[in-house]
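> Here you go, sequence then predicted model.
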Amino acid sequence: MRTAVIFDTPNPGWMDADFKAEIEAGVPEAEYEVAEALMENGHDIYMIGLHDDLRHPLHQLEEYRPELVFNCCESFMGNARYDYGVPALLELHGYRYTGSPPEGLVMARDKAASKKVLAYHSVKVPDFVAYDLGIKKIRPPDLDFPLIVKPLREDASVGIAQSSVVSDEKDLVDRVEFIHRNLTQAAIAEQFIEGREFYIGMLGNQKLIQLPTVELIFEKMTDPTMKIATHTAKWDLDYRERWGIKNVFARPIGKRAQDEIERICPIAFHALRLRDYGRIDVRLTPDQEVYVLEVNPNPYISYGEDMANAADKIGLDYYEFIERIAEEALARYEGAKA
């Protein structure tokens, strides 16, 4: 199949041959791993890097005329909040593509709006209050401290640090103002949910496969309010080693909690308009209550990361995992024709 792999790149002007040379050199990038898997599966691959000029990828798509576009874009011009623009562009020009549509990306990224939708569908979420930019007075919400303060529209734990967990009004004001000032966006203060943190990958559309649950563990931390997925905890390897932070397949989960996870994950996936694949992030409290923290329509699908590892655990090696995403997208479009 003629398949274009589109992705954001810091290298404007690079063409297919430039990116394929990077693959040959073994450069570790998610889009290179996806493209390599698709090539191994027999696809004719054309790689399109998107930086700041929309005419460049559109011209290449018109020249190549792909039967499917594998969307690996996570941002536009380095801003993750604009990731929805790429599938919007593909839809406007009639291309079939993998992954969630613009509305799914926009809705899931907005931590307040997505929680309202999930609550409507009887999915338990933390209570919260949002603080828009330009607000004159930051009043404490009618919620019990501690709270965790996050940017309203970021992913990959951008803007989340140990200081995000606040225990009084002064800390709350300081952290909200920090987000307003440094990230230029609204902030959300959520009830801090103490407990275990799980990541559940989903694969499919009408019929969903729930992948084995991954747990984020903190072997060397005792304070529950420190056990959060900060940006450092996710990406700083030295920090992870120092504090014993690991992503592992989940330790035993009680039946009631497991049943609830299996109930709410498909609801969350469909309610927020995800497609083909996604990830549900949840917390399990000591009294076995399950809360959805976030729904991620664009999780990492690199080799060796949580989604790929979970797929491998059910018998889908990396090549089969990537092919399955492509197959789900194609089946979705063929089903729409029927």
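It's in. Residues are numbered from 1 along each chain as shown.

> where's I6, which helix or strand?
I6 belongs to strand 2-8 when elements are defined using DSSP states H and E.

> which residues in the stretch 51-200 of the chain form helices?
Counting by DSSP state H, counting those that start in this stretch, the stretch 51-200 of the chain has helices at residues 55-64, 85-92, 102-109, 111-120, 169-183.

> Packing partners of the fourth one?
Right, the one you point to is helix 111-120. Where contact means 3 or more C-beta pairs under 8 Å, 6 or more residues apart in numbering; DSSP states H and E, helix 111-120 is packed against helix 102-109, strand 128-131, strand 187-191, helix 255-271, strand 290-296. C-beta here means a position set from N, CA and C on the backbone, and glycine is covered the same way.

> so that helix versus strand 187-191, what angle?
Calculated by axes from the mean of the first three to the mean of the last three C-alpha atoms, to 10 degrees, helix 111-120 forms an angle of 40 degrees with strand 187-191.

> can you list the domain ranges for this protein.
As given by automatic domain parsing, the domain ranges for the chain are 2-97, 125-191, 194-213+250-337.

> Dump the helices and strands packed on helix 111-120 to a markdown table, plus mean pLDDT and distance to D306.
A markdown table is the format used below for these (pLDDT from 0 to 100; distance: least, C-beta to C-beta, whole Å):
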| stretch | mean pLDDT | distance to D306 |
| --- | --- | --- |
| helix 102-109 | 97 | 17 |
| strand 128-131 | 96 | 25 |
| strand 187-191 | 97 | 22 |
| helix 255-271 | 98 | 15 |
| strand 290-296 | 97 | 10 |
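
> out of those, nearest to P28?
Proximity to P28, assessed across the helices and strands packed on helix 111-120 by C-beta to C-beta, is greatest for strand 290-296 (21.1 Å).

> Skip ahead from that closest one and say which helix or strand is next.
helix 306-313.

> ok now that following helix, how far from the chain's centre?
Distance of helix 306-313 from its chain centroid, counting by C-alpha atoms, centre = their mean, to the nearest Å, is 15 Å.

> same thing with stretch 70-85?
On the basis of C-alpha atoms, centre = their mean, stretch 70-85 sits 12 Å off its chain's mean C-alpha point.

> Now do the end-to-end distance for that stretch.
Start and end residues of stretch 70-85 are separated by 15 Å (C-alpha to C-alpha, to the nearest Å).

> picking that back up, got the buried residues for the strand holding I6?
Within strand 2-8, the residues that qualify as buried are 3-8, counting by 16 or more other C-beta atoms under 10 Å.

> likewise stretch 271-283?
Those would be 271-283, for stretch 271-283 by 16+ other C-beta under 10 Å.

> For F198, state which of those residues is nearest.
F198 has its nearest neighbour among those in V282, at 5.0 Å by C-beta to C-beta.

> Make sure the closest one is indeed in a strand.
Yes: the assignment for V282 by DSSP: H, G, I helix; E, B strand; the rest coil puts it in a strand.

> For A271, see how far away it is.
15 Å (C-beta to C-beta, to the nearest Å).

> again, but for D53
D53 sits 35 Å away from A271, going by C-beta to C-beta.

> Likewise for I160?
In terms of C-beta to C-beta, I160 sits 24 Å off from A271.

> Next: D16.
Between D16 and A271 the computed distance is 38 Å (C-beta to C-beta).

> cool, and N205?
As for N205, its distance to A271 is 14 Å (criterion: C-beta to C-beta).

> I'd assumed P151 was in contact with V158.
Yes: with contact defined as C-beta atoms under 8 Å, V158 and P151 form a contacting pair (6.5 Å).

> higher neighbour count, these two?
Neighbours were tallied for V158 and for P151 using other C-beta atoms under 10 Å; the higher tally belongs to P151 (23 against 13).

> I'd say the more buried one and F178 touch.
No: the pair P151 and F178 fails to qualify as a contact (C-beta under 8 Å) at a distance of 9.8 Å.

> elements contacting the top helix by length along the chain?
Longest helix of the chain, by residue count under DSSP state H: helix 318-337. When contacts are defined as 3+ C-beta pairs under 8 Å, 6+ apart, helix 318-337 sits against helix 30-40, strand 68-71, strand 196-204, strand 276-284, helix 306-313.

> What residues does the closest residue to M307 other than its chain neighbours make contact with?
Using C-beta to C-beta, 6 or more residues apart in numbering and skipping the chain neighbours, the partner closest in space to M307 is G201 (4.6 Å). Applying C-beta atoms under 8 Å, 6 or more residues apart in numbering, we find G201 in contact with 210-211, 214, 277-279, 299, 306-307, 310-311.

> what bits of the protein have low per-residue confidence?
Residue ranges of the chain with pLDDT under 70: 337-338.

> F145 versus I253, what's the distance?
28 Å.

> Next: A329.
In terms of C-beta to C-beta, A329 sits 44 Å off from F145.

> In terms of neighbours, single out the busier of those two.
A329 (22 against 16).

> Leaving out sequence neighbours, find the closest residue to the more buried one.
Spatial nearest neighbour of A329, excluding adjacent residues (C-beta to C-beta, 6+ apart): T98 at 4.2 Å.

> got the contact list for that neighbour?
Contacts of T98 (C-beta under 8 Å, 6+ apart): 68-71, 276, 325-326, 328-329.
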